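In: next come a sequence and a model predicted from it.
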Amino acid sequence: MKKRVFHIDEKCFIIYTGKSSADNQSFLRIGNSGFVTKDIQSHIRFIVVPDAKIIDINREKENIKFMEQGKIKYICNKENLDLLFSALSKNSVDTDKLYHQDLSKELENINRVENKKHFFTIFYENKNIKLVVSEEIFFDLFSSLNETSDYEKERERLANFIQVLDKLKRKNKNNVFETQKPVWKPDFDIISSYLFLTQDNVYFPLNTGMFNIKEDGKGFKFCFNSSQRFNIGRKIQLKILENDKTKIEMEGLLYEGEVIESEVLYEYYAIFNEISDDNLSVFYYVYKEIQKKG
(Lines give C-alpha, C1' and ligand atoms only; values in the text may rest on other atoms or scores of the structure.)
Protein backbone atom coordinates (compact mmCIF):
# COMPACT_ATOMS: atom_id res chain seq x y z
CA MET A 1 0.00 0.00 0.00
CA LYS A 2 2.88 2.39 0.68
CA LYS A 3 3.69 2.37 -3.02
CA ARG A 4 0.63 4.61 -3.42
CA VAL A 5 2.60 7.36 -1.65
CA PHE A 6 5.05 9.51 -3.61
CA HIS A 7 7.24 11.58 -1.26
CA ILE A 8 8.35 14.14 -3.86
CA ASP A 9 9.76 16.81 -1.54
CA GLU A 10 10.63 17.25 2.11
CA LYS A 11 7.10 18.20 3.16
CA CYS A 12 5.04 17.23 0.13
CA PHE A 13 3.31 13.93 -0.58
CA ILE A 14 1.31 12.94 -3.67
CA ILE A 15 -0.91 9.92 -3.06
CA TYR A 16 -2.82 7.77 -5.53
CA THR A 17 -6.36 7.01 -4.32
CA GLY A 18 -7.68 5.28 -7.45
CA LYS A 19 -8.52 1.66 -8.23
CA SER A 20 -7.69 1.50 -11.95
CA SER A 21 -6.54 3.53 -14.95
CA ALA A 22 -10.10 4.91 -15.11
CA ASP A 23 -9.06 6.87 -12.01
CA ASN A 24 -6.02 8.51 -13.59
CA GLN A 25 -6.95 11.83 -11.97
CA SER A 26 -7.53 10.44 -8.48
CA PHE A 27 -4.45 11.81 -6.75
CA LEU A 28 -4.34 13.57 -3.40
CA ARG A 29 -1.76 16.11 -2.25
CA ILE A 30 -0.53 16.87 1.27
CA GLY A 31 1.81 19.87 1.57
CA ASN A 32 3.14 21.86 -1.35
CA SER A 33 6.34 22.05 -3.35
CA GLY A 34 8.07 23.75 -6.24
CA PHE A 35 8.13 20.34 -7.93
CA VAL A 36 4.35 19.99 -8.34
CA THR A 37 4.45 20.37 -12.12
CA LYS A 38 1.64 21.23 -14.51
CA ASP A 39 1.24 17.54 -15.40
CA ILE A 40 1.04 16.48 -11.75
CA GLN A 41 -1.46 19.23 -10.96
CA SER A 42 -3.78 18.10 -13.74
CA HIS A 43 -4.07 14.67 -12.06
CA ILE A 44 -4.85 15.90 -8.53
CA ARG A 45 -8.41 16.11 -7.22
CA PHE A 46 -8.00 16.41 -3.45
CA ILE A 47 -5.75 18.61 -1.31
CA VAL A 48 -5.60 17.69 2.37
CA VAL A 49 -4.76 20.53 4.78
CA PRO A 50 -3.84 19.50 8.33
CA ASP A 51 -2.58 22.97 9.36
CA ALA A 52 -3.17 26.06 7.22
CA LYS A 53 -0.91 28.18 9.45
CA ILE A 54 2.25 26.60 8.04
CA ILE A 55 1.29 26.62 4.35
CA ASP A 56 3.43 28.61 1.93
CA ILE A 57 0.59 30.55 0.27
CA ASN A 58 2.59 31.76 -2.74
CA ARG A 59 3.64 28.19 -3.47
CA GLU A 60 0.11 26.92 -2.89
CA LYS A 61 -1.15 29.40 -5.47
CA GLU A 62 1.37 28.00 -7.96
CA ASN A 63 0.44 24.42 -7.03
CA ILE A 64 -3.21 24.89 -8.06
CA LYS A 65 -2.54 27.08 -11.10
CA PHE A 66 -2.96 24.25 -13.61
CA MET A 67 -5.57 22.19 -11.80
CA GLU A 68 -8.96 21.83 -13.50
CA GLN A 69 -11.07 24.83 -12.51
CA GLY A 70 -14.20 23.99 -10.60
CA LYS A 71 -12.89 20.62 -9.46
CA ILE A 72 -10.27 21.65 -6.89
CA LYS A 73 -11.36 20.23 -3.54
CA TYR A 74 -9.70 21.10 -0.23
CA ILE A 75 -10.27 18.74 2.68
CA CYS A 76 -9.90 20.40 6.07
CA ASN A 77 -11.85 21.74 9.04
CA LYS A 78 -13.58 25.13 9.18
CA GLU A 79 -10.71 26.83 11.01
CA ASN A 80 -8.16 25.79 8.39
CA LEU A 81 -10.60 26.64 5.60
CA ASP A 82 -11.02 30.23 6.77
CA LEU A 83 -7.28 30.76 7.18
CA LEU A 84 -6.43 29.17 3.84
CA PHE A 85 -9.10 30.77 1.69
CA SER A 86 -8.49 34.19 3.24
CA ALA A 87 -4.77 33.97 2.45
CA LEU A 88 -5.39 32.69 -1.08
CA SER A 89 -7.93 35.43 -1.72
CA LYS A 90 -5.38 38.05 -0.69
CA ASN A 91 -3.05 36.48 -3.28
CA SER A 92 -5.58 36.99 -6.11
CA VAL A 93 -7.00 33.46 -6.10
CA ASP A 94 -10.73 33.26 -6.85
CA THR A 95 -11.81 31.05 -3.94
CA ASP A 96 -15.36 30.86 -5.33
CA LYS A 97 -13.98 28.31 -7.79
CA LEU A 98 -12.54 26.17 -4.99
CA TYR A 99 -14.51 23.49 -3.19
CA HIS A 100 -14.29 22.49 0.43
CA GLN A 101 -15.17 19.21 2.06
CA ASP A 102 -15.79 19.79 5.74
CA LEU A 103 -15.09 17.32 8.50
CA SER A 104 -17.77 15.77 10.67
CA LYS A 105 -16.86 15.26 14.31
CA GLU A 106 -16.92 11.59 15.25
CA LEU A 107 -14.72 11.33 18.32
CA GLU A 108 -13.33 13.89 20.75
CA ASN A 109 -9.92 14.14 19.08
CA ILE A 110 -10.57 12.60 15.67
CA ASN A 111 -12.25 13.78 12.51
CA ARG A 112 -13.02 11.52 9.57
CA VAL A 113 -13.98 12.42 6.05
CA GLU A 114 -14.97 10.10 3.23
CA ASN A 115 -13.11 10.77 -0.03
CA LYS A 116 -14.40 7.66 -1.78
CA LYS A 117 -16.23 4.51 -0.82
CA HIS A 118 -12.97 2.63 -0.29
CA PHE A 119 -10.72 5.49 0.84
CA PHE A 120 -10.82 7.97 3.68
CA THR A 121 -8.68 10.35 5.71
CA ILE A 122 -8.43 10.60 9.49
CA PHE A 123 -7.50 13.97 11.00
CA TYR A 124 -6.23 14.27 14.57
CA GLU A 125 -6.31 17.37 16.77
CA ASN A 126 -2.50 17.32 16.96
CA LYS A 127 -2.45 17.97 13.15
CA ASN A 128 -1.49 14.42 12.24
CA ILE A 129 -3.17 12.66 9.33
CA LYS A 130 -3.66 9.00 8.57
CA LEU A 131 -4.89 7.60 5.27
CA VAL A 132 -6.90 4.40 5.09
CA VAL A 133 -7.73 2.23 2.09
CA SER A 134 -9.71 -1.01 2.28
CA GLU A 135 -9.65 -0.71 6.11
CA GLU A 136 -5.83 -0.60 6.19
CA ILE A 137 -3.86 2.42 7.43
CA PHE A 138 -1.07 2.92 4.92
CA PHE A 139 0.05 6.50 5.57
CA ASP A 140 0.87 8.38 8.78
CA LEU A 141 1.94 11.99 8.18
CA PHE A 142 4.06 12.43 11.29
CA SER A 143 5.89 9.15 10.75
CA SER A 144 6.40 9.87 7.04
CA LEU A 145 7.88 13.32 7.72
CA ASN A 146 10.56 11.63 9.82
CA GLU A 147 11.50 9.27 7.01
CA THR A 148 14.20 10.09 4.48
CA SER A 149 13.32 9.62 0.82
CA ASP A 150 15.14 10.03 -2.46
CA TYR A 151 12.91 12.90 -3.64
CA GLU A 152 14.27 12.94 -7.16
CA LYS A 153 13.64 9.21 -7.51
CA GLU A 154 10.13 9.63 -6.11
CA ARG A 155 9.36 12.40 -8.59
CA GLU A 156 10.55 10.16 -11.42
CA ARG A 157 8.45 7.26 -10.13
CA LEU A 158 5.38 9.50 -9.96
CA ALA A 159 5.91 10.89 -13.47
CA ASN A 160 6.27 7.35 -14.85
CA PHE A 161 3.16 6.12 -13.03
CA ILE A 162 1.04 9.01 -14.29
CA GLN A 163 2.29 8.37 -17.82
CA VAL A 164 1.35 4.68 -17.56
CA LEU A 165 -2.13 5.48 -16.18
CA ASP A 166 -2.82 7.93 -18.99
CA LYS A 167 -1.56 5.51 -21.63
CA LEU A 168 -3.72 2.67 -20.30
CA LYS A 169 -6.81 4.86 -20.13
CA ARG A 170 -6.32 6.12 -23.72
CA LYS A 171 -5.76 2.57 -24.98
CA ASN A 172 -8.94 1.32 -23.37
CA LYS A 173 -11.14 4.29 -24.26
CA ASN A 174 -9.96 4.35 -27.86
CA ASN A 175 -10.32 0.61 -28.40
CA VAL A 176 -12.06 -0.02 -31.72
CA PHE A 177 -14.36 -2.99 -31.28
CA GLU A 178 -15.57 -4.84 -34.35
CA THR A 179 -17.87 -7.84 -34.57
CA GLN A 180 -19.65 -9.78 -37.31
CA LYS A 181 -22.32 -10.90 -34.88
CA PRO A 182 -25.69 -9.14 -34.55
CA VAL A 183 -25.85 -6.61 -31.74
CA TRP A 184 -29.14 -6.41 -29.84
CA LYS A 185 -30.44 -3.72 -27.56
CA PRO A 186 -31.21 -5.34 -24.19
CA ASP A 187 -34.66 -5.43 -22.65
CA PHE A 188 -33.34 -3.74 -19.49
CA ASP A 189 -32.37 -0.17 -18.68
CA ILE A 190 -28.70 0.47 -19.50
CA ILE A 191 -28.62 3.70 -17.48
CA SER A 192 -29.50 1.75 -14.33
CA SER A 193 -27.07 -1.05 -15.16
CA TYR A 194 -23.47 -1.66 -14.12
CA LEU A 195 -20.69 -4.00 -15.20
CA PHE A 196 -18.87 -6.10 -12.62
CA LEU A 197 -16.10 -8.65 -12.56
CA THR A 198 -16.43 -11.26 -9.85
CA GLN A 199 -14.16 -13.94 -8.52
CA ASP A 200 -14.75 -15.90 -5.33
CA ASN A 201 -17.85 -13.75 -4.67
CA VAL A 202 -15.81 -10.53 -4.66
CA TYR A 203 -17.36 -7.88 -6.92
CA PHE A 204 -15.19 -5.33 -8.73
CA PRO A 205 -16.93 -2.54 -10.71
CA LEU A 206 -15.80 -1.85 -14.28
CA ASN A 207 -15.48 1.72 -15.52
CA THR A 208 -14.66 3.26 -18.88
CA GLY A 209 -10.93 3.51 -19.38
CA MET A 210 -9.93 0.42 -17.43
CA PHE A 211 -10.84 -2.42 -19.81
CA ASN A 212 -11.22 -3.39 -23.44
CA ILE A 213 -12.45 -6.42 -25.38
CA LYS A 214 -11.60 -8.13 -28.66
CA GLU A 215 -13.77 -10.70 -30.39
CA ASP A 216 -12.24 -14.17 -30.43
CA GLY A 217 -14.03 -17.19 -31.94
CA LYS A 218 -17.23 -17.91 -30.04
CA GLY A 219 -16.42 -15.36 -27.42
CA PHE A 220 -13.99 -12.54 -26.65
CA LYS A 221 -10.71 -11.67 -24.98
CA PHE A 222 -10.97 -9.31 -22.06
CA CYS A 223 -8.13 -7.07 -20.81
CA PHE A 224 -8.46 -4.95 -17.67
CA ASN A 225 -6.40 -3.35 -14.91
CA SER A 226 -7.16 -2.85 -11.23
CA SER A 227 -5.69 -2.44 -7.77
CA GLN A 228 -7.59 -5.58 -6.76
CA ARG A 229 -5.59 -8.79 -6.84
CA PHE A 230 -7.18 -11.62 -8.84
CA ASN A 231 -6.18 -15.29 -8.96
CA ILE A 232 -4.65 -16.29 -12.30
CA GLY A 233 -5.62 -19.69 -13.70
CA ARG A 234 -9.04 -19.48 -12.08
CA LYS A 235 -12.54 -18.87 -13.35
CA ILE A 236 -13.83 -15.30 -13.45
CA GLN A 237 -17.34 -13.97 -14.05
CA LEU A 238 -18.49 -10.92 -15.97
CA LYS A 239 -21.91 -9.65 -14.90
CA ILE A 240 -24.33 -6.92 -15.88
CA LEU A 241 -26.51 -5.85 -12.98
CA GLU A 242 -29.63 -3.69 -13.15
CA ASN A 243 -30.70 -2.36 -9.75
CA ASP A 244 -28.71 -5.14 -8.06
CA LYS A 245 -30.34 -7.85 -10.18
CA THR A 246 -28.14 -9.95 -12.47
CA LYS A 247 -29.28 -9.57 -16.08
CA ILE A 248 -26.31 -11.15 -17.87
CA GLU A 249 -23.64 -13.48 -16.46
CA MET A 250 -20.73 -14.97 -18.41
CA GLU A 251 -17.91 -17.15 -17.14
CA GLY A 252 -14.36 -17.04 -18.44
CA LEU A 253 -10.80 -17.95 -17.53
CA LEU A 254 -8.27 -15.49 -16.14
CA TYR A 255 -5.13 -16.77 -17.83
CA GLU A 256 -2.46 -14.08 -17.43
CA GLY A 257 -1.50 -11.07 -15.34
CA GLU A 258 1.34 -8.62 -14.84
CA VAL A 259 2.45 -5.99 -12.35
CA ILE A 260 2.13 -2.39 -13.51
CA GLU A 261 3.06 -0.74 -10.22
CA SER A 262 3.88 -3.05 -7.32
CA GLU A 263 1.17 -3.08 -4.62
CA VAL A 264 -0.86 -0.51 -6.59
CA LEU A 265 -1.95 -1.64 -10.05
CA TYR A 266 -2.08 -4.88 -12.04
CA GLU A 267 -3.13 -5.77 -15.59
CA TYR A 268 -5.01 -8.99 -16.34
CA TYR A 269 -6.11 -10.98 -19.38
CA ALA A 270 -9.12 -13.26 -19.53
CA ILE A 271 -10.93 -15.18 -22.24
CA PHE A 272 -14.66 -15.79 -22.40
CA ASN A 273 -15.55 -18.70 -24.70
CA GLU A 274 -18.68 -20.71 -25.44
CA ILE A 275 -20.95 -17.76 -24.66
CA SER A 276 -24.53 -17.88 -25.91
CA ASP A 277 -25.34 -15.71 -28.92
CA ASP A 278 -28.02 -13.87 -26.94
CA ASN A 279 -25.63 -12.92 -24.13
CA LEU A 280 -22.89 -11.94 -26.58
CA SER A 281 -25.21 -9.73 -28.62
CA VAL A 282 -26.50 -7.90 -25.55
CA PHE A 283 -23.05 -7.55 -24.00
CA TYR A 284 -21.58 -6.19 -27.22
CA TYR A 285 -24.36 -3.61 -27.38
CA VAL A 286 -23.71 -2.50 -23.78
CA TYR A 287 -19.96 -2.32 -24.41
CA LYS A 288 -20.44 -0.17 -27.53
CA GLU A 289 -22.70 2.19 -25.59
CA ILE A 290 -20.12 2.45 -22.80
CA GLN A 291 -17.40 3.31 -25.33
CA LYS A 292 -19.59 5.99 -26.90
CA LYS A 293 -20.13 7.73 -23.56
CA GLY A 294 -16.42 7.45 -22.81
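Out: Structure received. Numbering: from 1, shown residues only.

In: can you pull the contacts of Lys71?
Out: 45, 99 (CB atoms under 8 Å, 6 or more residues apart in numbering). The way it works is simple: take the backbone N, C-alpha and C, and place the C-beta from them, glycine included.

In: how close does it get to Lys127?
Out: 26 Å (CB to CB, to the nearest Å).

In: cool, Lys73 as well?
Out: In terms of CB to CB, Lys73 sits 20 Å off from Lys127.

In: do Phe230 as well
Out: Separation of Phe230 from Lys127 (CB to CB): 39 Å.

In: so for those two, which sits in the more crowded spot?
Out: Looking at Phe230 and Lys127 with other CB atoms under 10 Å, you find the greater number of neighbours at Phe230, namely 18 against 14.

In: got the contact list for that one?
Out: Contacts of Phe230 by CB under 8 Å, 6+ apart are 197, 199, 236, 254, 257, 266, 268.

In: the host helix or strand of the fourth one: partners in the sheet, and parallel or antiparallel?
Out: The one in question is Leu254. Using DSSP states H and E, Leu254 falls within strand 245-261. Paired with strand 245-261 in the same sheet, following DSSP bridges, are strand 234-242 (antiparallel), strand 265-272 (antiparallel).

In: the strands in the stretch 101-250 of the chain, which residues?
Out: Taking DSSP state E, counting those that start in this stretch as the test, the strands found in the stretch 101-250 of the chain are 104-107, 110-116, 119-124, 129-133, 136-140, 193-199, 202-205, 211-216, 219-226, 234-242, 245-261.

In: for those strands, give me CSV that also has distance to Ser21, mean pLDDT and mean neighbour count.
Out: Formatted as CSV, those follow (distance: least, CB to CB, whole Å; pLDDT from 0 to 100; neighbours: other CB atoms under 10 Å):
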stretch, distance to Ser21, mean pLDDT, mean neighbour count
strand 104-107, 32, 42, 10
strand 110-116, 16, 45, 16
strand 119-124, 17, 72, 20
strand 129-133, 17, 82, 20
strand 136-140, 20, 84, 14
strand 193-199, 15, 94, 18
strand 202-205, 14, 92, 14
strand 211-216, 9, 94, 18
strand 219-226, 5, 96, 22
strand 234-242, 18, 95, 18
strand 245-261, 9, 96, 15
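
In: nearest to Gln163 among the ones you listed would be which one?
Out: Each of those has some distance to Gln163 by CB to CB; the shortest is strand 245-261, at 11.4 Å.

In: what does that closest one contact?
Out: Contacts of strand 245-261 (CB under 8 Å, 6+ apart): 3, 161, 164, 168, 186, 188, 193, 199, 219, 222, 225, 230-241, 265-273, 275, 279, 282-283, 286.

In: can you tell me which helix or strand of the chain has the lowest average pLDDT?
Out: Least confident helix or strand, the chain: strand 104-107 with a mean of 42, by mean pLDDT, DSSP states H and E.

In: about what we covered before: show me the one of the strands paired with strand 245-261 that comes nearest Asn146.
Out: Asn146 lies closest, by CB to CB, to one member of those: strand 265-272, at 27.7 Å.

In: the helix or strand just after that closest one: how far from the chain's middle?
Out: Downstream of strand 265-272, the first helix or strand assigned by DSSP H and E is helix 277-293. Offset of helix 277-293 from its chain centre (CA atoms, centre = their mean, to the nearest Å): 24 Å.

In: that older thread, between the strands of the stretch 101-250 of the chain, which gets nearest to Asn80?
Out: When those are compared by CB to CB, strand 119-124 sits nearest Asn80, at 9.4 Å.

In: report the angle between the closest one and strand 136-140.
Out: Using axes from the mean of the first three to the mean of the last three CA atoms, to 10 degrees, one finds that strand 119-124 and strand 136-140 are set 50 degrees apart in direction.

In: partner strands of strand 119-124 and their direction?
Out: Applying DSSP bridges, strand 119-124 is found paired with strand 110-116 (antiparallel), strand 129-133 (antiparallel).

In: can you map out the helices along the stretch 1-150 of the chain?
Out: For the stretch 1-150 of the chain, the helices defined by DSSP state H, counting those that start in this stretch cover 38-41, 57-63, 78-90, 141-145.

In: okay, the ones you listed in a markdown table with distance to Asn24, mean pLDDT and mean neighbour count next?
Out: As requested, the helices of the stretch 1-150 of the chain are exported to a markdown table (distance: least, CB to CB, whole Å; pLDDT from 0 to 100; neighbours: other CB under 10 Å):
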| stretch | distance to Asn24 | mean pLDDT | mean neighbour count |
| --- | --- | --- | --- |
| helix 38-41 | 11 | 96 | 16 |
| helix 57-63 | 19 | 96 | 17 |
| helix 78-90 | 27 | 92 | 16 |
| helix 141-145 | 24 | 88 | 15 |
